[in-house]
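Undergrad: Give me a 3D structure for the following:
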Amino acid sequence: MADRTEEKPWRVLEFYSGIGGMRYSLMASGVVAEVVEAFEINDVANDVYQHNFGHRPHQGNIQSLTACDLDRYNADAWLLSPPCQPYTRQGLQKHSGDARASSFLKILELIPHTSTPPRMLFVENVVGFETSDTHMEMIDTLNKSDYVTQEFILSPLQFGVPYSRPRYFCLAKRKPLSFQSQHNNNKLLWSPGPLFGRDDDQLDFDKCQGEEGSENLLQSCEPVEKFLDSTAQVNGEPSGFDESENGSRDGDGQEEDDTVSDSVHQYLVPSSLIERWGNAMDIVYPDSKRCCCFTKSYYRYVKGTGSLLATVQPKIKGKESCLKEQRLRYFTPREVANFHSFPEDFEFPKQISLRQRYAMLGNSLSVAVVAPLLRYLFSSSPVLTAE
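TA: The predicted model follows:
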(Lines give C-alpha, C1' and ligand atoms only; values in the text may rest on other atoms or scores of the structure.)
Protein backbone atom coordinates (compact mmCIF):
# COMPACT_ATOMS: atom_id res chain seq x y z
CA MET A 1 0.00 0.00 0.00
CA ALA A 2 1.05 3.57 -0.70
CA ASP A 3 4.09 4.55 1.39
CA ARG A 4 2.66 3.04 4.57
CA THR A 5 4.06 0.71 7.15
CA GLU A 6 2.01 -2.37 7.86
CA GLU A 7 1.69 -1.51 11.56
CA LYS A 8 0.16 1.90 11.01
CA PRO A 9 -3.34 1.90 9.52
CA TRP A 10 -4.59 4.61 7.23
CA ARG A 11 -6.86 7.07 9.02
CA VAL A 12 -10.14 7.38 7.13
CA LEU A 13 -13.15 9.71 7.31
CA GLU A 14 -16.42 8.36 5.92
CA PHE A 15 -18.94 10.97 4.75
CA TYR A 16 -22.61 10.11 4.03
CA SER A 17 -22.01 6.74 5.66
CA GLY A 18 -25.58 5.43 5.28
CA ILE A 19 -25.90 1.80 6.40
CA GLY A 20 -22.18 1.11 6.00
CA GLY A 21 -21.63 0.07 2.39
CA MET A 22 -18.44 2.10 2.13
CA ARG A 23 -17.06 0.68 5.36
CA TYR A 24 -17.85 -2.87 4.29
CA SER A 25 -16.06 -2.12 1.02
CA LEU A 26 -13.02 -0.84 2.91
CA MET A 27 -13.00 -4.00 5.01
CA ALA A 28 -13.36 -6.22 1.93
CA SER A 29 -10.55 -4.38 0.13
CA GLY A 30 -7.91 -5.68 2.52
CA VAL A 31 -6.61 -2.16 3.11
CA VAL A 32 -5.23 -1.70 6.62
CA ALA A 33 -7.33 1.26 7.67
CA GLU A 34 -9.20 2.73 10.61
CA VAL A 35 -12.44 4.67 10.21
CA VAL A 36 -11.80 7.46 12.70
CA GLU A 37 -15.24 8.98 12.16
CA ALA A 38 -18.33 8.58 10.01
CA PHE A 39 -20.85 11.30 9.20
CA GLU A 40 -24.54 10.72 8.44
CA ILE A 41 -27.59 12.91 9.01
CA ASN A 42 -30.18 10.11 8.76
CA ASP A 43 -31.06 8.83 12.23
CA VAL A 44 -32.46 5.48 11.03
CA ALA A 45 -29.39 4.78 8.88
CA ASN A 46 -27.26 5.49 11.95
CA ASP A 47 -29.26 2.89 13.89
CA VAL A 48 -28.32 0.30 11.25
CA TYR A 49 -24.69 1.41 11.13
CA GLN A 50 -24.36 1.27 14.91
CA HIS A 51 -26.05 -2.14 15.04
CA ASN A 52 -23.45 -3.61 12.65
CA PHE A 53 -20.27 -1.73 13.57
CA GLY A 54 -20.77 -0.80 17.22
CA HIS A 55 -20.14 2.87 16.46
CA ARG A 56 -22.74 5.57 15.87
CA PRO A 57 -21.79 8.07 13.15
CA HIS A 58 -21.63 11.76 13.91
CA GLN A 59 -25.19 12.89 13.30
CA GLY A 60 -25.30 16.48 12.17
CA ASN A 61 -25.30 18.65 9.11
CA ILE A 62 -22.02 18.21 7.24
CA GLN A 63 -22.31 21.85 6.18
CA SER A 64 -21.61 22.87 9.77
CA LEU A 65 -18.13 21.31 9.68
CA THR A 66 -15.12 23.61 9.49
CA ALA A 67 -11.61 23.01 8.19
CA CYS A 68 -10.43 23.10 11.79
CA ASP A 69 -12.95 20.36 12.69
CA LEU A 70 -11.63 18.10 9.95
CA ASP A 71 -7.98 18.82 10.78
CA ARG A 72 -8.53 17.34 14.25
CA TYR A 73 -9.06 13.90 12.73
CA ASN A 74 -5.68 13.94 10.97
CA ALA A 75 -7.24 11.74 8.27
CA ASP A 76 -5.29 10.33 5.33
CA ALA A 77 -8.35 9.65 3.19
CA TRP A 78 -11.90 10.95 2.80
CA LEU A 79 -14.53 8.56 1.39
CA LEU A 80 -17.70 10.24 0.15
CA SER A 81 -21.02 9.06 -1.26
CA PRO A 82 -22.99 12.33 -1.49
CA PRO A 83 -26.72 12.58 -2.34
CA CYS A 84 -27.43 11.48 -5.90
CA GLN A 85 -30.83 13.12 -6.40
CA PRO A 86 -29.43 16.32 -7.99
CA TYR A 87 -27.94 14.22 -10.82
CA THR A 88 -30.40 11.38 -11.49
CA ARG A 89 -32.13 11.06 -14.85
CA GLN A 90 -35.49 10.86 -13.08
CA GLY A 91 -34.85 14.01 -11.06
CA LEU A 92 -34.89 17.68 -11.98
CA GLN A 93 -31.12 17.61 -12.65
CA LYS A 94 -30.56 20.93 -10.94
CA HIS A 95 -26.98 19.84 -10.12
CA SER A 96 -25.33 22.42 -7.86
CA GLY A 97 -28.58 24.36 -7.76
CA ASP A 98 -30.17 21.55 -5.77
CA ALA A 99 -30.02 22.11 -2.01
CA ARG A 100 -29.00 18.47 -1.55
CA ALA A 101 -25.71 19.20 -3.35
CA SER A 102 -24.71 21.95 -0.94
CA SER A 103 -23.06 19.76 1.72
CA PHE A 104 -20.73 18.16 -0.82
CA LEU A 105 -19.87 21.55 -2.28
CA LYS A 106 -19.04 22.72 1.26
CA ILE A 107 -16.65 19.79 1.76
CA LEU A 108 -14.90 20.65 -1.52
CA GLU A 109 -14.51 24.25 -0.37
CA LEU A 110 -12.84 23.09 2.85
CA ILE A 111 -10.07 21.05 1.19
CA PRO A 112 -7.70 23.95 0.40
CA HIS A 113 -8.35 25.46 3.83
CA THR A 114 -7.30 22.40 5.84
CA SER A 115 -3.79 22.52 7.30
CA THR A 116 -3.13 19.01 5.97
CA PRO A 117 -5.47 18.08 3.10
CA PRO A 118 -6.30 14.38 2.79
CA ARG A 119 -3.81 12.38 0.76
CA MET A 120 -6.62 10.52 -0.99
CA LEU A 121 -10.29 11.04 -1.84
CA PHE A 122 -12.93 8.65 -3.12
CA VAL A 123 -16.29 9.86 -4.46
CA GLU A 124 -19.24 7.68 -5.55
CA ASN A 125 -22.37 8.89 -7.32
CA VAL A 126 -24.87 8.09 -10.08
CA VAL A 127 -24.08 8.12 -13.77
CA GLY A 128 -24.85 11.68 -14.80
CA PHE A 129 -22.73 13.24 -12.08
CA GLU A 130 -19.79 13.27 -14.49
CA THR A 131 -21.60 15.79 -16.74
CA SER A 132 -22.76 18.07 -13.91
CA ASP A 133 -21.45 21.46 -12.87
CA THR A 134 -20.76 19.92 -9.44
CA HIS A 135 -18.33 17.55 -11.14
CA MET A 136 -16.64 20.47 -12.90
CA GLU A 137 -16.23 22.26 -9.58
CA MET A 138 -14.89 19.11 -7.91
CA ILE A 139 -12.25 18.51 -10.59
CA ASP A 140 -11.24 22.18 -10.57
CA THR A 141 -10.82 22.15 -6.78
CA LEU A 142 -8.83 18.90 -6.85
CA ASN A 143 -6.53 20.14 -9.62
CA LYS A 144 -5.84 23.40 -7.78
CA SER A 145 -5.13 21.44 -4.60
CA ASP A 146 -2.49 19.30 -6.33
CA TYR A 147 -4.49 16.11 -6.79
CA VAL A 148 -4.36 13.75 -9.74
CA THR A 149 -7.59 11.91 -10.56
CA GLN A 150 -8.79 8.76 -12.28
CA GLU A 151 -12.51 8.33 -12.91
CA PHE A 152 -14.54 5.22 -13.59
CA ILE A 153 -18.06 4.22 -14.54
CA LEU A 154 -18.50 0.61 -13.48
CA SER A 155 -21.30 -1.87 -12.78
CA PRO A 156 -21.48 -5.03 -10.63
CA LEU A 157 -22.04 -6.90 -13.92
CA GLN A 158 -18.35 -6.35 -14.66
CA PHE A 159 -17.45 -8.13 -11.41
CA GLY A 160 -19.52 -11.27 -11.92
CA VAL A 161 -22.60 -10.06 -10.04
CA PRO A 162 -25.88 -10.32 -12.03
CA TYR A 163 -26.90 -6.81 -11.08
CA SER A 164 -27.08 -3.81 -13.41
CA ARG A 165 -26.15 -0.79 -11.29
CA PRO A 166 -23.62 1.41 -13.16
CA ARG A 167 -22.15 4.11 -10.96
CA TYR A 168 -19.61 6.93 -11.27
CA PHE A 169 -16.44 6.89 -9.16
CA CYS A 170 -13.67 9.45 -8.73
CA LEU A 171 -10.34 8.43 -7.21
CA ALA A 172 -7.96 11.25 -6.28
CA LYS A 173 -4.41 11.22 -4.90
CA ARG A 174 -2.46 14.24 -3.73
CA LYS A 175 1.04 14.54 -5.12
CA PRO A 176 3.58 13.06 -4.62
CA LEU A 177 1.32 9.98 -4.30
CA SER A 178 0.59 8.35 -7.63
CA PHE A 179 -1.56 5.63 -9.18
CA GLN A 180 -0.29 2.25 -10.36
CA SER A 181 -1.55 2.96 -13.90
CA GLN A 182 -0.40 6.54 -14.24
CA HIS A 183 -1.20 6.76 -17.95
CA ASN A 184 -4.87 6.70 -16.94
CA ASN A 185 -4.51 9.93 -14.99
CA ASN A 186 -7.25 12.49 -15.66
CA LYS A 187 -9.25 9.98 -17.72
CA LEU A 188 -12.77 8.57 -17.42
CA LEU A 189 -12.59 4.78 -17.77
CA TRP A 190 -15.40 2.30 -18.40
CA SER A 191 -13.42 -0.83 -17.59
CA PRO A 192 -12.16 -2.35 -14.33
CA GLY A 193 -9.00 -3.56 -16.12
CA PRO A 194 -6.60 -1.08 -14.45
CA LEU A 195 -7.78 -2.23 -11.01
CA PHE A 196 -6.30 -5.64 -11.77
CA GLY A 197 -3.21 -4.48 -13.64
CA ARG A 198 -4.80 -4.90 -17.09
CA ASP A 199 -5.00 -2.19 -19.69
CA ASP A 200 -6.04 -4.38 -22.62
CA ASP A 201 -9.65 -4.52 -21.58
CA GLN A 202 -10.98 -0.98 -22.12
CA LEU A 203 -14.43 -2.19 -23.02
CA ASP A 204 -16.95 0.61 -23.26
CA PHE A 205 -19.75 -0.29 -20.84
CA ASP A 206 -22.26 1.48 -23.07
CA LYS A 207 -21.54 -1.11 -25.76
CA CYS A 208 -22.31 -3.82 -23.23
CA GLN A 209 -25.85 -2.53 -23.01
CA GLY A 210 -26.52 -3.68 -26.56
CA GLU A 211 -27.60 -7.27 -27.08
CA GLU A 212 -24.26 -8.60 -28.34
CA GLY A 213 -22.04 -6.87 -25.79
CA SER A 214 -24.47 -7.62 -23.00
CA GLU A 215 -24.46 -11.35 -23.74
CA ASN A 216 -20.66 -11.44 -23.66
CA LEU A 217 -20.60 -9.60 -20.33
CA LEU A 218 -23.31 -11.71 -18.72
CA GLN A 219 -21.52 -14.98 -19.48
CA SER A 220 -19.14 -14.24 -16.62
CA CYS A 221 -21.93 -13.47 -14.12
CA GLU A 222 -23.27 -15.84 -11.50
CA PRO A 223 -26.97 -16.76 -11.84
CA VAL A 224 -29.54 -14.94 -9.73
CA GLU A 225 -30.22 -18.10 -7.69
CA LYS A 226 -26.78 -17.74 -6.04
CA PHE A 227 -28.05 -14.56 -4.38
CA LEU A 228 -31.39 -15.86 -3.14
CA ASP A 229 -32.31 -16.42 0.48
CA SER A 230 -32.79 -20.14 0.96
CA THR A 231 -35.46 -19.48 3.59
CA ALA A 232 -37.60 -17.43 1.18
CA GLN A 233 -39.83 -20.23 -0.05
CA VAL A 234 -43.21 -19.26 -1.49
CA ASN A 235 -46.33 -20.94 -0.14
CA GLY A 236 -49.93 -19.83 -0.34
CA GLU A 237 -51.55 -17.16 -2.43
CA PRO A 238 -50.62 -13.46 -2.44
CA SER A 239 -52.90 -11.25 -0.40
CA GLY A 240 -54.58 -8.21 -1.89
CA PHE A 241 -53.22 -4.67 -1.57
CA ASP A 242 -54.57 -1.33 -2.58
CA GLU A 243 -52.65 0.32 -5.37
CA SER A 244 -52.74 3.62 -7.20
CA GLU A 245 -52.46 4.35 -10.88
CA ASN A 246 -48.71 4.90 -10.64
CA GLY A 247 -48.09 1.35 -9.48
CA SER A 248 -47.95 1.92 -5.75
CA ARG A 249 -48.91 -0.86 -3.39
CA ASP A 250 -50.86 1.72 -1.42
CA GLY A 251 -52.34 4.77 -3.07
CA ASP A 252 -52.01 7.32 -0.29
CA GLY A 253 -48.41 6.58 0.61
CA GLN A 254 -49.32 5.41 4.12
CA GLU A 255 -47.63 2.30 5.44
CA GLU A 256 -50.24 -0.40 5.94
CA ASP A 257 -48.55 -3.54 7.23
CA ASP A 258 -44.89 -2.56 7.09
CA THR A 259 -43.57 -4.91 9.73
CA VAL A 260 -41.05 -7.59 8.79
CA SER A 261 -42.26 -11.14 9.34
CA ASP A 262 -40.55 -14.49 8.89
CA SER A 263 -42.95 -15.41 6.10
CA VAL A 264 -42.14 -14.77 2.45
CA HIS A 265 -45.88 -14.37 1.90
CA GLN A 266 -45.61 -10.60 2.28
CA TYR A 267 -43.28 -10.44 -0.74
CA LEU A 268 -45.72 -11.97 -3.21
CA VAL A 269 -46.97 -9.53 -5.86
CA PRO A 270 -50.78 -9.16 -5.71
CA SER A 271 -52.71 -10.28 -8.79
CA SER A 272 -54.29 -6.84 -9.11
CA LEU A 273 -50.87 -5.26 -9.54
CA ILE A 274 -49.89 -7.84 -12.15
CA GLU A 275 -53.07 -7.11 -14.10
CA ARG A 276 -52.44 -3.38 -14.08
CA TRP A 277 -48.65 -3.16 -14.32
CA GLY A 278 -47.53 -6.50 -15.75
CA ASN A 279 -46.27 -4.97 -19.00
CA ALA A 280 -44.02 -2.58 -17.07
CA MET A 281 -42.49 -5.21 -14.79
CA ASP A 282 -38.97 -6.54 -15.20
CA ILE A 283 -39.20 -10.30 -14.58
CA VAL A 284 -36.17 -12.44 -13.79
CA TYR A 285 -35.74 -16.15 -13.07
CA PRO A 286 -33.38 -18.12 -10.82
CA ASP A 287 -31.14 -18.89 -13.81
CA SER A 288 -31.14 -15.29 -15.08
CA LYS A 289 -27.81 -13.51 -15.16
CA ARG A 290 -29.01 -9.97 -14.84
CA CYS A 291 -31.50 -8.00 -12.79
CA CYS A 292 -32.28 -4.30 -12.75
CA CYS A 293 -31.12 -1.75 -10.22
CA PHE A 294 -33.11 -1.68 -6.98
CA THR A 295 -34.11 1.87 -6.09
CA LYS A 296 -35.18 3.26 -2.73
CA SER A 297 -38.83 2.95 -3.89
CA TYR A 298 -38.67 -0.81 -4.40
CA TYR A 299 -41.63 -2.68 -2.85
CA ARG A 300 -43.56 0.59 -2.60
CA TYR A 301 -43.78 0.88 -6.40
CA VAL A 302 -43.48 -1.85 -9.02
CA LYS A 303 -42.65 0.23 -12.10
CA GLY A 304 -38.99 1.03 -12.69
CA THR A 305 -37.82 0.28 -9.16
CA GLY A 306 -36.17 -3.13 -9.62
CA SER A 307 -36.73 -6.64 -10.88
CA LEU A 308 -39.30 -9.17 -9.67
CA LEU A 309 -38.57 -12.87 -9.27
CA ALA A 310 -40.68 -15.57 -10.92
CA THR A 311 -40.88 -18.43 -8.45
CA VAL A 312 -42.52 -20.77 -10.97
CA GLN A 313 -40.54 -21.32 -14.15
CA PRO A 314 -42.82 -21.28 -17.23
CA LYS A 315 -42.17 -23.22 -20.41
CA ILE A 316 -41.70 -19.92 -22.20
CA LYS A 317 -40.00 -17.23 -20.14
CA GLY A 318 -41.21 -13.67 -20.14
CA LYS A 319 -44.53 -12.00 -20.61
CA GLU A 320 -45.69 -14.39 -23.32
CA SER A 321 -46.59 -16.73 -20.46
CA CYS A 322 -49.22 -15.87 -17.88
CA LEU A 323 -47.51 -13.73 -15.23
CA LYS A 324 -49.99 -14.73 -12.53
CA GLU A 325 -48.98 -18.36 -12.94
CA GLN A 326 -45.31 -17.44 -12.48
CA ARG A 327 -45.94 -16.50 -8.83
CA LEU A 328 -44.02 -13.23 -8.88
CA ARG A 329 -42.46 -11.91 -5.72
CA TYR A 330 -40.27 -9.06 -4.61
CA PHE A 331 -36.69 -9.83 -3.67
CA THR A 332 -36.33 -9.73 0.10
CA PRO A 333 -34.14 -7.08 1.78
CA ARG A 334 -31.58 -9.80 2.54
CA GLU A 335 -31.46 -10.71 -1.15
CA VAL A 336 -31.08 -7.06 -2.19
CA ALA A 337 -28.20 -6.83 0.29
CA ASN A 338 -26.71 -9.93 -1.37
CA PHE A 339 -26.84 -8.23 -4.78
CA HIS A 340 -24.98 -5.32 -3.18
CA SER A 341 -22.42 -7.91 -1.98
CA PHE A 342 -22.94 -7.07 1.69
CA PRO A 343 -21.47 -9.71 4.04
CA GLU A 344 -23.64 -12.46 5.49
CA ASP A 345 -23.45 -11.00 9.00
CA PHE A 346 -24.99 -7.68 7.93
CA GLU A 347 -28.44 -7.28 9.44
CA PHE A 348 -31.07 -4.69 10.22
CA PRO A 349 -32.20 -4.00 13.77
CA LYS A 350 -35.64 -5.52 14.36
CA GLN A 351 -37.37 -2.13 14.67
CA ILE A 352 -36.45 -1.06 11.12
CA SER A 353 -39.54 -1.28 8.89
CA LEU A 354 -39.63 -3.12 5.58
CA ARG A 355 -39.83 0.05 3.50
CA GLN A 356 -37.01 1.66 5.44
CA ARG A 357 -34.85 -1.39 4.70
CA TYR A 358 -35.52 -1.19 0.98
CA ALA A 359 -35.02 2.59 0.93
CA MET A 360 -31.64 2.44 2.66
CA LEU A 361 -30.44 -0.45 0.50
CA GLY A 362 -31.53 1.48 -2.60
CA ASN A 363 -29.31 4.36 -1.47
CA SER A 364 -26.33 2.12 -0.74
CA LEU A 365 -23.49 0.91 -2.96
CA SER A 366 -21.98 -2.27 -4.39
CA VAL A 367 -19.23 -3.72 -2.22
CA ALA A 368 -18.12 -5.91 -5.16
CA VAL A 369 -17.31 -2.77 -7.17
CA VAL A 370 -16.09 -0.39 -4.47
CA ALA A 371 -13.73 -2.80 -2.68
CA PRO A 372 -11.33 -3.25 -5.66
CA LEU A 373 -11.52 0.48 -6.36
CA LEU A 374 -10.42 1.25 -2.81
CA ARG A 375 -7.67 -1.38 -3.00
CA TYR A 376 -6.43 0.32 -6.17
CA LEU A 377 -6.68 3.79 -4.60
CA PHE A 378 -4.63 2.86 -1.53
CA SER A 379 -2.02 0.93 -3.55
CA SER A 380 1.22 2.63 -4.51
CA SER A 381 2.73 2.89 -7.95
CA PRO A 382 5.32 0.20 -8.71
CA VAL A 383 8.87 1.04 -7.78
CA LEU A 384 11.19 1.08 -10.78
CA THR A 385 14.61 -0.46 -10.16
CA ALA A 386 17.73 -0.40 -12.31
CA GLU A 387 18.43 -3.53 -14.29
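
Undergrad: drop to CA atoms for contacts and neighbour counts, all remaining ones
TA: Fine.

Undergrad: where do the strands sit along the stretch 201-350 of the chain?
TA: Assigned by DSSP state E, counting those that start in this stretch, the stretch 201-350 of the chain shows strands spanning 283-284, 308-310, 328-330.

Undergrad: Which one of those strands lies nearest to residue 13?
TA: In this view, those are compared for proximity to residue 13 by CA to CA, and strand 328-330 is the closest at 35.1 Å.

Undergrad: counting contacts, what elements does that closest one pack onto?
TA: Applying 3 or more CA pairs under 8 Å, 6 or more residues apart in numbering; DSSP states H and E, we find strand 328-330 packed against strand 308-310.

Undergrad: Please report how far residue 21 lies from residue 28.
TA: Residue 21 sits 10 Å away from residue 28, going by CA to CA, to the nearest Å.

Undergrad: And for residue 76?
TA: Residue 76 sits 19 Å away from residue 28, taking CA to CA as the criterion.

Undergrad: ok, now residue 222?
TA: 19 Å.

Undergrad: How are the strands of the stretch 1-150 of the chain distributed by residue range?
TA: Taking DSSP E, counting those that start in this stretch as the test, the strands found in the stretch 1-150 of the chain are 10-15, 33-39, 77-80, 120-126, 147-154.

Undergrad: List the neighbouring strands of the longest one plus their orientation.
TA: Based on DSSP bridges, the pairing partners of strand 147-154 within the sheet are strand 167-174 (antiparallel), strand 188-189 (parallel).

Undergrad: try the third one
TA: Counting by DSSP bridges, the strands paired with strand 77-80 are strand 10-15 (parallel), strand 120-126 (parallel).

Undergrad: What are the buried residues along it?
TA: Residues of strand 77-80 classed as buried: 77-80 (neighbour count, 16 or more other CA atoms under 10 Å).

Undergrad: Quick one: mean pLDDT over that strand.
TA: On average, the pLDDT along strand 77-80 is 98.

Undergrad: List of residues touching it?
TA: Contacts to strand 77-80, defined as CA atoms under 8 Å, 6 or more residues apart in numbering, come from residues 10-17, 22, 118-124.

Undergrad: And the fourth one, by the same measure?
TA: Contacts of strand 120-126 with the rest of the structure, by CA under 8 Å, 6+ apart, involve 76-84, 87-88, 166-174, 374, 377-378.

Undergrad: swap in the second one?
TA: Taking CA under 8 Å, 6+ apart as the criterion, the residues outside strand 33-39 that touch it are 9-17, 23, 26, 56-60, 62, 73, 75.
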